[in-house]
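A.B. asks: got a structure for you, letters missing:
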């Protein structure tokens, strides 16, 4: 019981740090995933049918897609399923074939559901990032992204002792155009 509480607390903390705060490094996620996979596979290797530790194996796809994302999550889930199949093949005398088949069927279904969730989450993050960095009318980058990019480019130019140029476009007398033809026409002019 205590080991499972520590395990869940570690998973929750790493997911929080990785997805919300963006502090976790991908290498630390890989190490943590490898440890989780090793612990759950060792539980199945040393366990038996009376000590039902197989449901723990369903945590691996969830942790993999939450920490590693959709691409690496597929790899981790596939590796876990192959290792699980190998362990069950080598220890086939200790487990009932029906319970093994249930787990080997449920694992890829759950992994696919987590894959769909991860893909949706990543698409939402990309859409929010795109909306927060572009102007909805002109589809050009907004001031927030300009300040971020300009700060990075300015610092790089200063370090390398290179020149830096900024190109600006100004529409003369745009207020007068807006007042004469209306804001809808002004918006159309800006987007063109």
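C.D. replies: Arrived safely. Keep in mind that what you see is a predicted model, and the values were worked out from it rather than measured. Numbering: from 1, shown residues only.

A.B. asks: show me what contacts residue 142?
C.D. replies: Applying Cβ atoms under 8 Å, 6 or more residues apart in numbering to residue 142 gives the contacts 133-135. Every C-beta, even on glycine, is put in place using the N, C-alpha and C of the backbone.

A.B. asks: mind listing the helices for this structure?
C.D. replies: For the chain, the helices defined by DSSP state H occupy 2-15, 26-46, 59-90, 97-133, 143-160, 174-181, 183-191.

A.B. asks: I'd like these as TSV, with mean pLDDT, mean neighbour count and distance to residue 167 appended.
C.D. replies: Output for the helices of the chain, formatted as TSV (pLDDT from 0 to 100; neighbours: other Cβ atoms under 10 Å; distance: least, Cβ to Cβ, whole Å):
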stretch	mean pLDDT	mean neighbour count	distance to residue 167
helix 2-15	63	12	43
helix 26-46	78	16	36
helix 59-90	84	19	36
helix 97-133	86	14	19
helix 143-160	88	11	12
helix 174-181	89	12	18
helix 183-191	86	13	17
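
A.B. asks: List just the one of the ones you listed that sits closest to residue 168.
C.D. replies: helix 143-160 (10.7 Å; Cβ to Cβ).

A.B. asks: Show me what that closest one is packed against.
C.D. replies: Using 3 or more Cβ pairs under 8 Å, 6 or more residues apart in numbering; DSSP states H and E, the elements in contact with helix 143-160 are helix 97-133.

A.B. asks: how much space is there between residue 121 and residue 38?
C.D. replies: 27 Å (Cβ to Cβ, to the nearest Å).
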